[in-house]
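Enquirer: okay, predicted coordinates and the sequence, questions at the end:
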Amino acid sequence: MALQLLGALPDIGRRYTHPRISGVRRLLMPRIRYHLYYVHDERGRVVIILSLWSSVRGRGPQLR
């Protein structure tokens, strides 16, 4: 479901500030309580998944 949503509306996630990676977004999947961290490459028309991370951990993932 989340991947279909990102395919149709890739900028739906909230912006997530990261010191080394620009354009990171985070999409909450409330039913499973996870965040999907991703980047939308508009030129290549592709969504790059960076991490799937539990929202109950209290901190974000170490993205590379």
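Expert: Sure thing, it's come through.
Enquirer: measure R14 to R26 for me?
Expert: Per CB to CB, to the nearest Å, R14 is found 5 Å from R26. C-beta coordinates here come from the backbone N, C-alpha and C atoms, glycine included.
Enquirer: same question, Q62
Expert: Separation of Q62 from R26 (CB to CB): 14 Å.
Enquirer: can you give me the pLDDT of the residue in the chain sticking out farthest from the centre?
Expert: Centroid-distance maximum for the chain: R43 at 17.7 Å, with CA atoms, centre = their mean. Per-residue pLDDT puts R43 at 89.
Enquirer: again, but for R57
Expert: Note on R57: pLDDT of 84.
Enquirer: in the helix or strand bottoming out on mean pLDDT in the chain, which residues are buried?
Expert: Lowest by mean pLDDT, DSSP states H and E among the helices and strands of the chain is helix 2-8, with a mean of 90. Of the residues in helix 2-8, those buried by neighbour count under the rule 16 or more other CB atoms under 10 Å are A2, L6.
Enquirer: ok, now stretch 44-53?
Expert: Buried positions in stretch 44-53, judged by neighbour count with 16+ other CB under 10 Å: V47, L50, S51, W53.
Enquirer: could you do stretch 15-35 as well?
Expert: Y16, H18, V24, R25, R26, L27, Y34, H35.
Enquirer: in this structure, which residue is closest to the centre?
Expert: Note: the chain centre (CA atoms, centre = their mean) maps to Y37, 2.4 Å.
Enquirer: quick revisit: and the residue farthest from the centre of the chain, its phi and psi?
Expert: With angles defined as degrees, to the nearest 10, R43 sits at phi -70, psi -40.
Enquirer: then the one 4 residues further on?
Expert: When read as degrees, to the nearest 10, the backbone of V47 gives phi -110, psi 130.
Enquirer: hmm, who's touching stretch 23-31?
Expert: Residues from elsewhere that reach stretch 23-31, judged by CB atoms under 8 Å, 6 or more residues apart in numbering: 2, 5-6, 11-18, 34-40, 50, 55, 60, 63.
Enquirer: please repeat the previous calculation with a cut-off of 7 Å.
Expert: By CB atoms under 7 Å, 6 or more residues apart in numbering, the residues outside stretch 23-31 that reach it are 2, 6, 12-16, 18, 35-40, 50, 55, 63.
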